[in-house]
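1. please work out how this folds:
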Amino acid sequence: MPPPTPTNTAAQKTTALEVRQPLPKTPPQVCVADPEVKEDAAATPESQNGGEDEEYHGVEVIFDPGISSKHRRKSSLVYRNNQSPPKIGSSSCFVHALLEAQKAAEAGKTYSEFGSQLHKNEELGVGPTMDSRMLTKMQLTDLALGVRELSKRFVSMELRLKVRNFFLVTKPHDNSLLRYTRELALWLLKHSQDSVVYVDQNIRESREFDARSILSEQSFENRLRYWTPEMCLKHPHTFDFVITLGGDGTVLYSSWLFQKIVPPVLSFALGSLGFLTTFDFKDFPRTIEHCLNDGITVCLRLRFEGTIMRSLKRERGQSTEGCDLTHEILGMEVDGPTHRAAESFTILNEVVVDRGPNSTMSSTELFGDDEHLTSILADGVCISTPTGSTAYSLAAGGSLCHPEIPSMLVTPICAHSLTFRPLILPDSMVLRVGVPYDARTSVWASFDGKQRLELRQGDYITVSASRFPFPAIQSRKQNKDWFDSLSRNFHWGTRQKQKPYKE
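-> All right, here's what the predicted structure looks like:
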């Protein structure tokens, strides 16, 4: 089958991909093409500090034409802030560009031909930024399988990136890290004459970083710039390469900044823990040169999308006596929507629903797809990704889970029933945790520990696999990195050897 034909605008992209195949016994058959990308003025460095910011829309995962339009639940289909379904276009995310190119190759068409056919599917409502909670079971399964297959192939290939815009993340109030950030920024500016380095706006006036002395060099004047969280949210395609300096918390913060498209992330270990940081900063010149010249190996880490659904009856002040949350979630909405979509977040570790400041245990209901699974009487419940299995989930008694296992970990927190044991569920499920109308107290939901919101009676939260995985650059094979982190941080499996018998 011939590979998809690159379009004429491929040369205009700031990020270019070259797949370098190693020499395994059976090399993976991946067809890669540069998709056609419409130029966005906000994506160019010259317009980064000016002009009106518009919300970025781009295709992330494409599904087969003619897919069933039957959705999971009507109230879960309500767009936030009454926004209309976005239109389909090409993606600036290198992960999903590969997915789109491979889908075109499997269909025996060029990328442009495949894209034109996709535009005919707008009536199905499969938009580029559609929340994963709005996908059908078939669509969500297709998403999980596509990303899973691509992740397996990434392990046995190297991706060579053409990088121009570097994005540096560190702790703005840690002086020692600011000195390292300054050292790295200077090296990047000197290493390439056309590279642009973005640093946190909060360190602009820092004495340790000393931006003025850096800008005193005439060749660096327009190449040291500053990013804000709003830029990461609206224009993630501006950045080609993310470098974090800190611990696992810094990596989680970078995931939090990029709620949708995430550039490849290179993490240097300068913090307390190192489950996600596998590179030593002392060797950063050699590490970065290797990534840029020889290519990178990427591990696509699963992320979750958590959306809070608010009860319309309670918000309107209507009587909720006799209302049944289970019926509202699983039943048909004859009289219109019962809930509206409120806040939504993409997380890398876990979503936690707990009792909050209440002195009594929480009472919630757990749903999986279109089934009521169980009632939860506990301090709370933790729904974790495989990446988050070494965090809160583990402390609550959950299992360790390899990041390449596509799963959702459900771990009760101090459950009152000893029969409620931790679960490992497939990533194609949609989980819902709701507060019954007759519950004594409200509960609180947190997302990667960075956002904490109250769920009142009648509200629920939807958790599903995100369409935007987290591309973490790894130094060696993923198995070796992960087991080394367990041994290093937990002393996993370490004990004194048993003495032999002496004859």
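
2. distance of residue 491 relative to residue 485?
-> 12 Å (Cβ to Cβ, to the nearest Å). (Glycine included, C-beta is placed from N, CA and C.)

3. more neighbours: those two, which one.
-> For residue 491 versus residue 485, neighbours defined as other Cβ atoms under 10 Å are more numerous around residue 485 (19 against 9).

4. how about the nearest residue to that one, chain neighbours excluded?
-> Using Cβ to Cβ, 6 or more residues apart in numbering and skipping the chain neighbours, the partner closest in space to residue 485 is residue 275 (4.7 Å).

5. how about the contacts made by that neighbour?
-> Residues counted as contacts of residue 275 (Cβ atoms under 8 Å, 6 or more residues apart in numbering) are 248, 387, 390, 485, 489.

6. the helix or strand where residue 149 lies: what's the following helix or strand?
-> Taking DSSP states H and E as the criterion, residue 149 maps to helix 137-155. Downstream of helix 137-155, the next assigned helix or strand under DSSP H and E is strand 158-161.

7. after that following strand comes which helix or strand?
-> strand 165-170.

8. partners of that following strand, with directions?
-> According to DSSP bridges, strand 165-170 forms sheet pairs with strand 196-200 (parallel), strand 241-246 (parallel).

9. residues making contact with the first one?
-> When contacts are defined by Cβ under 8 Å, 6+ apart, strand 196-200 is touched by residues 45, 164-170, 172, 181, 185, 188-189, 209, 211, 223-227, 239.

10. whichever of the residues you listed end up buried, select them in PyMOL.
-> Buried members of the contacts of strand 196-200, defined by 16 or more other Cβ atoms under 10 Å, are picked up in PyMOL with:
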select buried, resi 164+165+166+167+168+169+170+172+181+185+188+189+209+211+223+224+225+226+227+239
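
11. quick revisit: export the strands paired with strand 165-170 to CSV and tack on mean pLDDT?
-> Formatted as CSV, the strands paired with strand 165-170 follow (pLDDT from 0 to 100):
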stretch, mean pLDDT
strand 196-200, 96
strand 241-246, 96
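
12. can you tell me which of those is most buried?
-> strand 241-246 (a mean of 25; mean count of other Cβ atoms under 10 Å).

13. just the CA coordinates for that strand, please, in PDB.
-> C-alpha atoms of strand 241-246 as PDB (Å, rounded to 0.1, in the frame of the first residue of the first chain):
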ATOM      1  CA  PHE A 241       9.500  21.100  22.500                       C
ATOM      2  CA  VAL A 242       8.900  21.200  26.200                       C
ATOM      3  CA  ILE A 243      11.700  21.000  28.800                       C
ATOM      4  CA  THR A 244      10.900  20.700  32.500                       C
ATOM      5  CA  LEU A 245      13.300  21.400  35.300                       C
ATOM      6  CA  GLY A 246      12.100  20.000  38.600                       C
END
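
14. before we move on, the earlier item: quick one: which of the contacts of residue 275 sit in helices?
-> Members of the contacts of residue 275 lying in helices (criterion: DSSP state H): 248, 485, 489.

15. closest to residue 157 out of those?
-> For the ones in helices among the contacts of residue 275, the closest approach to residue 157 (Cβ to Cβ) belongs to residue 485, at 23.0 Å.

16. shouldn't that closest one be in contact with residue 248?
-> No. Contact between residue 485 and residue 248 fails when scored by Cβ atoms under 8 Å: they sit 9.6 Å apart.

17. now do the contacts for residue 288.
-> Counted by Cβ under 8 Å, 6+ apart, residue 288 has contacts 187, 188, 191, 243, 266.

18. quick check: the second one is in a helix.
-> Yes. Under DSSP: H, G, I helix; E, B strand; the rest coil, residue 188 falls within a helix.

19. quick check, pLDDT for it.
-> With respect to pLDDT, residue 188 has a value of 95.

20. per-residue confidence for the residue nearest to residue 485?
-> pLDDT, residue 275: 87.

21. try residue 152
-> So, for residue 152, pLDDT stands at 71.

22. and for the one 4 residues further on?
-> If you check residue 156, the pLDDT there is 69.

23. again with residue 119
-> 39.

24. point out where the stretch 51-200 of the chain drops to low pLDDT.
-> 51-138, 140, 143-144, 155-156 (pLDDT under 70).

25. residues near the closest residue to residue 488 other than its chain neighbours, how many?
-> Excluding the flanking residues, the one nearest residue 488 by Cβ to Cβ, 6+ apart is residue 274, at 6.4 Å. Other residues lying near residue 274 total 21 when counted by other Cβ under 10 Å.
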